[in-house]
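K.L.:
Got a predicted structure plus its sequence, pasted below:
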Amino acid sequence: MKKLDQDPLSDPITVALNLVSETAAAIRQSEEQSAHALQREREIAREIQEQLGRAEGRAERSETMLRLAEAQIEQLMAAVEQMRDDLEHLKSRLAVREAELATSTGRADEAEAGMQKVVDAIRTHLPVKLSVPTE
C-alpha cells in the first residue's frame, strides 16, 4: 500500500494540523471580535465620561446659581425686615405728630374762643362813637 492512496483526512498528522489550523483561525477571529468589542467599549466609556463631565459642569453651575439665589433671598428678606422696621418707626412718628396736631388744634380753638370773648367784652363795655357829619 502506498501512502498516496490513503485519504489525507485519515492521516492523524494531517487531521491534527487541520484541527490546529482551524483552532488558530477561530482564535484569531475571536481575538479580532474581542478587539472590536474592546474598542467599542472604550468609545462608549469615553462618551459616557464626556457626558458625565458635562453633567458635573451643569451641576456645579446649578449649585453656584442656587447659592447666589439663596444669598439674594437673604438680602431681600433683610431689606423687607428693614422696611418693616422703618414703617413701624414712621407710624410711631406719625402718631406723635397727630397727637401734637390735635393738641395744637385744641389750643388754637381755645385761643380763638378766648379772643372771641375778649372781642365780645370789648364790644359790650366800650361805647360806640356816633359819627356826625361835619359841614
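P.N.:
Structure's in. What do you need? Numbers count the residues shown, from 1 in each chain.
K.L.:
ranges for the helices of the chain?
P.N.:
12-125 (DSSP state H).
K.L.:
Any regions of it where pLDDT drops low?
P.N.:
1-9, 127-135 (pLDDT under 70).
K.L.:
In contact with residue 87, which residues?
P.N.:
Taking Cβ atoms under 8 Å, 6 or more residues apart in numbering, we find residue 87 in contact with no residue. C-beta coordinates here come from the backbone N, C-alpha and C atoms, glycine included.
K.L.:
same thing with residue 113?
P.N.:
With contact set as Cβ under 8 Å, 6+ apart, residue 113 has no partners.
K.L.:
And it, how far from residue 88?
P.N.:
38 Å (Cβ to Cβ, to the nearest Å).
K.L.:
what do you get for residue 117?
P.N.:
Look at residue 117 and residue 88: by Cβ to Cβ, they are 44 Å apart.
K.L.:
can you check residue 100 too?
P.N.:
Distance from residue 100 to residue 88, by Cβ to Cβ: 19 Å.
K.L.:
how far is stretch 91-105 from where the chain is centred?
P.N.:
Once both centres are worked out by Cα atoms, centre = their mean, to the nearest Å, stretch 91-105 turns out to sit 44 Å from its chain's centre.
K.L.:
again but with stretch 14-21, I slipped
P.N.:
Centroid separation between stretch 14-21 and its chain, computed with Cα atoms, centre = their mean, is 74 Å.
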